[in-house]
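Visitor: next input, structure requested:
(chains A and B)
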Amino acid sequence: MEIIVLVVLLMLGYFFGQYAEKKHFKSIIEREKLLLKLPVVTMRTPPAIHQHELKAELVTGNTVISIDFFKKFVASLKMLFGGKVTQYESLLDRARREALLRMKEQAKLNNAFVVMNTRVETASISKNSNQRNSVGAVEVLAYGTAISIGNKLENTK
Amino acid sequence: MLLTNLEQVPGRKIIQHFGLVQGNTIRAKHVGKDFLAGLKNIFGGELSAYTELLAESRKEATDRMVQQAQSMGANAIVNVRYSTSSVAQGAAELYAYGTAVKIDL
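Guide: Just a heads-up that it's a prediction; the model follows:
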């Protein structure tokens, strides 16, 4: 009986998980193309533009993404042997890109031309207390300073 | 209140430093939402309830930081950082900190 439940859960996880991931990656790639012209940098000094006033605004983007049951199962098997765990790689990749995109979308609303000093932070949200070391879901937060051009300065230096 | 995670405010001069300001909040998971999240753990995908919960809590931490800065008489916070830590099973602490400064407007 337990084996049947496990197999059903694995199948559900596999089909829905694959579907969700493909759909998500497709939307990420589409939105990344739209925001390609907005650079996100980790530099800390704002560009030297003396003719215009620069406006700074903190922008953030966050997302929580959960892994599916199938991948979790495969990953736990891989943990026995060690090596590359591609299941978690794609999860974190998705989460990071999504968080960065949300940050960029917010920056775009502020008419920013660059996002400076971008930081990406990851936190794992452990789901089940009965399973040790479980990476149930990850939260990724991306934040930075959106720089936009303000009024024209009269006395240019 | 101007928030930035740069070390200075572009185009403005910092005329006074007030030191570190901080804000934190600890949030526990909602039982109903946790049940749905448990289902999502089988299918995979985004847990939008958690995304919202964390964004909201982080905003509260930021608001507390801003309040502290306002009480000092600052008009901007530079070098803002966020950090997350899990204190207990099912609860997360969201922490925001930065340096309160006064800039000439």
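Visitor: just the helices in chain B please.
Guide: Shown for chain B, the helices assigned by DSSP state H span residues B:31-43, B:48-72.
Visitor: one more: chain A?
Guide: A:2-34, A:69-81, A:86-109.
Visitor: pLDDT weak spots in chain B?
Guide: B:29-35, B:37-38, B:90 (pLDDT under 70).
Visitor: highest average neighbour count across the helices of chain B?
Guide: Using mean count of other CB atoms under 10 Å in any protein chain shown, the stretch among those with the largest mean neighbour count is helix B:48-72, at a mean of 18. The way it works is simple: take the backbone N, C-alpha and C, and place the C-beta from them, glycine included.
Visitor: near chain A, which residues of chain B?
Guide: Residues of chain B found near chain A (CB under 8 Å from any CB of the partner chain) are B:2-7, B:9-11, B:37-38, B:40-48, B:50-51, B:54-55, B:58, B:80-86, B:89-90, B:92.
Visitor: in chain B, which residue sits nearest chain A?
Guide: residue B:44 (2.9 Å; CB to the nearest CB).
Visitor: ok, now which ones touch that residue?
Guide: Residue B:44 sits next to A:13, A:16, A:17, A:20, A:21, A:65, A:66, A:67, A:68, A:69, A:71 when contact means CB atoms under 8 Å, 6 or more residues apart in numbering or on different chains.
Visitor: repeat that for residue A:42.
Guide: A:117, A:118, A:119.
Visitor: and it, how far from chain B?
Guide: Relative to chain B, residue A:42 is positioned 11 Å away (CB to the nearest CB, to the nearest Å).
Visitor: same check on residue A:71?
Guide: 7 Å.
Visitor: which ones are touching residue B:97?
Guide: B:20, B:21, B:22, B:23, B:65, B:80, B:81, B:83.
Visitor: burial count for the closest residue to the fifth one other than its chain neighbours?
Guide: Taking CB to CB, 6 or more residues apart in numbering or on different chains, and ignoring the residues beside it in sequence, residue B:65 has residue B:23 as its nearest neighbour in space, at 3.5 Å. Residue B:23 is flanked by 20 other residues according to other CB atoms under 10 Å in any protein chain shown.
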